[in-house]
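S.K.: Below is the sequence, then the predicted model.
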2 protein chains.
Amino acid sequence: MGRSVEISIAQAAALLREQDNILILCHKSPDGDTLGSGFALLHGLLSLGKQAKVECSDPIPERFAYLFPERALEFEPKYVVAVDVADTNLLGDKLSVWSEKVDLCIDHHGSNRRYADKLLLEGDSAAACEVVYLLLQELGVVITPKIADCIYTGIATDTGCFRYSNTSIRTHRMAAELMERGCRFQKINQWMFETVRPSRLAVEREALATLEYAFSGRCALITLDRAMIEKNGASDDELDGISAIPRQIQGVQVGVTMKQVKDRSGYKISMRTTEEADASAICARLGGGGHARAAGCMIPGNAEQAKAAILKAVAEQFQEEPWTES
Amino acid sequence: MGRSVEISIAQAAALLREQDNILILCHKSPDGDTLGSGFALLHGLLSLGKQAKVECSDPIPERFAYLFPERALEFEPKYVVAVDVADTNLLGDKLSVWSEKVDLCIDHHGSNRRYADKLLLEGDSAAACEVVYLLLQELGVVITPKIADCIYTGIATDTGCFRYSNTSIRTHRMAAELMERGCRFQKINQWMFETVRPSRLAVEREALATLEYAFSGRCALITLDRAMIEKNGASDDELDGISAIPRQIQGVQVGVTMKQVKDRSGYKISMRTTEEADASAICARLGGGGHARAAGCMIPGNAEQAKAAILKAVAEQFQEEPWTES
């Protein structure tokens, strides 16, 4: 770690202009930003007459098929670019062979581990796609509707469709430009945000049945048992969405989701809080950690034991930080 | 109907400059756009040294409290402005006394019934708030963080946070400007989109338990019985959100929500479809109507009877428009 030379957008563009046979790496469990970045860069490089291809350790979900090129190229890579990959362990098994051989990393995570030879990092960008967009413009790439679709996808997914605090003034201006370039924002938002799998709904229904309140509604708790998860075939991605529910309930300051681990030896706790409670302090009492608004920990034992441990830690937090009814 | 004189933003600004003691009317069952428009206009007029107040036939939900002025004024109205009110029947009972006395209507509904003396209409605006924003700028009002909050609220709520097809390039540029003016977009989005009432979750859980699929998953159907609705105390607003679920399921082309009417004599059907099916044609077979993507009808009888009638109409539609597995 720490060997990267940080470079500017102009320098990254100059480097890419010199290169060909470019392999673009996305992170494992691919999301809209790593894929949007990867395919936007791919389409841009192809338009400059270069050979390029995108790879990912995990299968790319079908809902992202609109990002793909008409046909994939096969060639021996001469230059390797990682997009939205903060650390080599995020490359996943299949791509781990490239861990020591990444020539350029394009990223927006301040926590980037600086594993690549050159690093183009904009820590205050809402999405890696914002950085790729600026880079493509610097390269003189014509922003086609297809490229606009890719960039918009990363921006929309990483900002929760312009909801989260990482959304900047520039983010909205870029969205306006991408719409001018013909991005299919409505279709993309429908595919990304308004399509749920039957398995997700089935788990959600069972999860809601486990919903419990404590501390006069200031704490809400959902329990996901292995049987429930496995019976319905829900993915981790889908379960993450469910973890967001307890904190969203009106009046809830501490939202807890307890997910039983695969060997059934205990529960993985995901906690989200409003400004009135410190998730990281509560989880630290249970040997875990994280951020003030989102943290986690592991509790061995059965559901009753895990629940008792959490409620005790929450009680201590509520006592320390007196809370007034608003 | 039809007596309105359509005026420009400049003309509307000139009119308002001349007026004082201005009553601003919002539509009943108030949403973010009518309230955002009303309070933005209120704050703008107050900043120009005028007296103004906002009224609504229904109570304003607590979650909109951040739009309010520090204190409300009381005065005898001399000039009446309606915002985001397409027809006088939307004024509601309390405000119906003003039906014939609206001096100016500011709206973005192409279907506006032209009941007001003067009409400032921008049919291609995503929200009435976009029109109010342009009007306030024309009036030379300084866009304070509070006004920016109001305008952003209407834009975000009417576009589903920039998701829907009514979102324009200008919408994003306005959002960028409002963020420059200090609007609390993250808090607003949290209040508007990420806060659910326990009653909504309770109904959702029971509604998901009624979820049925037909036609190999191309049709999904949810049933809301009176007992379920009344036991959980869910509002119509909350039930509307649930109506959106069936169509969002992957593979579903026809999403149906059957809501039992208050006297239990039948079911109100809300249907949403993807491009593969015509909701308005299906509902027309059952004596209803609407748009191609969203329509409705009433079916007398019990749940089984209503379901049978709908599935028959859907079957006829599917037969007429052959559908290929993609």
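M.R.: Nice, I can see it. In this text, all values refer to a predicted model and were calculated from it rather than measured experimentally. Numbers count the residues shown, from 1 in each chain, chains lettered A, B, ... in the order given.
S.K.: tell me which element the closest residue in space to A:S47 that isn't next to it in sequence falls in.
M.R.: Leaving out its chain neighbours, the residue that sits closest to A:S47 by Cβ to Cβ, 6 or more residues apart in numbering or on different chains is A:V141, at 5.7 Å. Using the backbone N, CA and C atoms, a C-beta is placed for each residue, glycine as well. Using DSSP states H and E, A:V141 falls within no helix or strand.
S.K.: Equivalent analysis for the one 10 residues further on, please.
M.R.: Secondary structure from DSSP H and E places A:I151 in helix A:145-158.
S.K.: So which elements touch that helix?
M.R.: Helices and strands touching helix A:145-158, by 3 or more Cβ pairs under 8 Å, 6 or more residues apart in numbering or on different chains; DSSP states H and E, are helix A:32-47, helix A:128-138, helix A:169-180, helix A:185-193.
S.K.: quick one, the longest one and helix A:145-158 angle?
M.R.: To tie it back to what came earlier, the one meant is helix A:32-47. Taking axes from the mean of the first three to the mean of the last three Cα atoms, to 10 degrees, one finds helix A:32-47 and helix A:145-158 inclined to each other by 160 degrees.
S.K.: C-terminal to helix A:32-47, what's the next element?
M.R.: Next along the chain after helix A:32-47, taking DSSP H and E as the criterion, comes strand A:52-55.
S.K.: So what touches that next one?
M.R.: Residues from elsewhere that reach strand A:52-55 (Cβ atoms under 8 Å, 6 or more residues apart in numbering or on different chains): A:21-26, A:35, A:38-39, A:41-42, A:45-46, A:72-75, A:77, A:94-95.
S.K.: Which parts of the stretch 201-326 of chain A are helices?
M.R.: A:226-232, A:236-243, A:245-248, A:279-284, A:303-320 (DSSP state H, counting those that start in this stretch).
S.K.: which other helices and strands contact the longest one?
M.R.: Here helix A:303-320 touches strand A:219-224, strand A:254-260, strand A:266-273, helix A:279-284, strand A:294-300, going by 3+ Cβ pairs under 8 Å, 6+ apart.
S.K.: Report the inter-axis angle for the first one versus helix A:303-320.
M.R.: Angle, strand A:219-224 to helix A:303-320, by the same axes, to 10 degrees: 160 degrees.
S.K.: Strand A:219-224 pairs with which strands?
M.R.: According to DSSP bridges, strand A:219-224 has the following sheet partners: strand A:212-214 (antiparallel), strand A:254-260 (parallel).
S.K.: Run through the residues that contact A:R163.
M.R.: Neighbouring residues of A:R163 by Cβ under 8 Å, 6+ apart: B:161, B:185-186, B:189-190, B:193-194.
S.K.: Give me the phi and psi for A:L15.
M.R.: With angles defined as degrees, to the nearest 10, A:L15 sits at phi -60, psi -50.
S.K.: residues contacting it?
M.R.: A:7, A:103-104, A:118.
S.K.: Using TSV, please lay out the helices of the stretch 201-326 of chain A together with mean neighbour count, distance to A:E122 and mean pLDDT.
M.R.: Output for these, formatted as TSV (neighbours: other Cβ atoms under 10 Å in any protein chain shown; distance: least, Cβ to Cβ, whole Å; pLDDT from 0 to 100):
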stretch	mean neighbour count	distance to A:E122	mean pLDDT
helix A:226-232	15	37	88
helix A:236-243	16	25	77
helix A:245-248	22	29	92
helix A:279-284	22	26	93
helix A:303-320	16	36	92
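S.K.: Quick check: nearest residue in space to A:E238, chain neighbours excluded?
M.R.: Distance criterion Cβ to Cβ, 6+ apart; nearest residue to A:E238, sequence neighbours excluded, is A:R200 at 4.1 Å.
S.K.: Give me the contact list for the one helix or strand that neighbour maps to.
M.R.: Using DSSP H and E, A:R200 sits in helix A:198-209. The contact list for helix A:198-209 (Cβ under 8 Å, 6+ apart) reads A:222-224, A:228-229, A:232-235, A:238-239, A:241-242, A:245, B:201, B:204-205, B:208-209, B:211, B:213, B:217, B:245, B:249-251.
S.K.: Check stretch A:165-172 too.
M.R.: Contacting residues not belonging to stretch A:165-172 are listed as A:124-127, A:130, A:155, A:158-159, A:162, B:172-173, B:175-176, B:179-180, B:185-186 [Cβ under 8 Å, 6+ apart].
S.K.: List only buried entries from these.
M.R.: Buried residues within these, defined by neighbour count using 16 or more other Cβ atoms under 10 Å in any protein chain shown: A:125-127, A:130, A:155, A:158-159, A:162, B:172, B:175-176, B:179, B:185.
S.K.: Export those residues to a markdown table and append columns for distance to A:R113.
M.R.: Converted to a markdown table, these look like this (distance: Cβ to Cβ, whole Å):
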| residue | distance to A:R113 |
| --- | --- |
| A:S125 | 18 |
| A:A126 | 21 |
| A:A127 | 19 |
| A:E130 | 21 |
| A:I155 | 24 |
| A:D158 | 19 |
| A:T159 | 24 |
| A:F162 | 29 |
| B:H172 | 34 |
| B:A175 | 34 |
| B:A176 | 33 |
| B:M179 | 31 |
| B:F185 | 31 |
